[in-house]
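Asks: Below: sequence and its predicted model.
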Amino acid sequence: MSLYRKPRSPFFYFEFRIRGHRFYGPTKATTRREAEKVEAGEREKAKQRVIEIEAARTSLRIDDVAGRFWKANGQHYACSRNTWKRLDLLIKFFGKDKLVTEITDDDVRDLVAWRRGHRTKSGALIAPATVNLTIMQLKTLFATPAARARAGMAQALARRAARASARIDGR
């Protein structure tokens, strides 16, 4: 087990890796036996967390797609605060568990109508351009998994072609 004690602390600390993810922290236990129990519990939590992370990488839930977009691109935009707000609005409207593939034209129409009813801080209705920006944000979320899927399809087709040519050459 990966337990150790820091020189100036009475507590044990744990540190371990699961599938490339590092987990570490204090056990707040002063005996090795207690610390081993705490570490075992932390390992179980870490395993569940890694499973969640790996599922979110491939998930098409709007919350996961928005999170991937934010980490990859959105946080680096000059207007990142507005991007964050628009992503939040989309998640509030569709719900965290809605799949991107389940969003229909009717859902987008409902989103536009919902968004048109919003007001500014002064009480006036928001501008049509603001509604359009929300729709453009949704469009970027659609582009994120679509591009990844197209890349995956291209790789699969390339592998099939390589196998086919290998079979032909082998005969």
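Replies: Received, thanks.
Asks: Residue 99 - nearest residue in space that isn't next to it in sequence?
Replies: Nearest residue to residue 99 in three dimensions, chain neighbours excluded: residue 60, at 4.8 Å (CB to CB, 6 or more residues apart in numbering). Yep, even glycine has a C-beta here, placed from its N, CA and C like the rest.
Asks: does that neighbour really touch residue 101, like I thought?
Replies: Yes. If you go by CB atoms under 8 Å, residue 60 and residue 101 touch, sitting 5.7 Å apart.
Asks: Which residue of these two possesses the greater neighbour count?
Replies: For residue 60 and residue 101, the more surrounded residue by other CB atoms under 10 Å is residue 60, and the numbers stand at 13 against 10.
Asks: what's the pLDDT at the more buried one?
Replies: Note for residue 60: predicted pLDDT of 81.
Asks: Likewise for the one 10 residues further on?
Replies: Listed pLDDT for residue 70 reads 90.
Asks: What does it show for phi and psi?
Replies: Here is the backbone geometry of residue 70 (degrees, to the nearest 10): phi -60, psi -50.
Asks: residues touching it, list them.
Replies: 83, 84, 87 (CB atoms under 8 Å, 6 or more residues apart in numbering).
Asks: Any quick PyMOL command for the buried ones out of those?
Replies: Filtering the contacts of residue 70 down to the buried ones (16 or more other CB atoms under 10 Å) takes a single PyMOL command:
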select buried, resi 83+87
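Asks: In helices, which of the contacts of residue 70 appear?
Replies: 83, 84, 87 (DSSP state H).
Asks: nearest spatial neighbour of the first one, skipping sequence neighbours?
Replies: Spelled out, it's residue 83. In space, and not counting its chain neighbours, residue 83 is closest to residue 74: 4.5 Å by CB to CB, 6+ apart.
Asks: Could you list the domains of this structure?
Replies: Under the assignment automatic domain parsing, the domains of the chain span 3-58, 62-170.
Asks: weakest of these by average pLDDT?
Replies: For the domains of the chain, mean pLDDT drops lowest on domain 62-170, to a mean of 82.
Asks: from the chain's centre, how far out does it sit?
Replies: 12 Å (CA atoms, centre = their mean, to the nearest Å).
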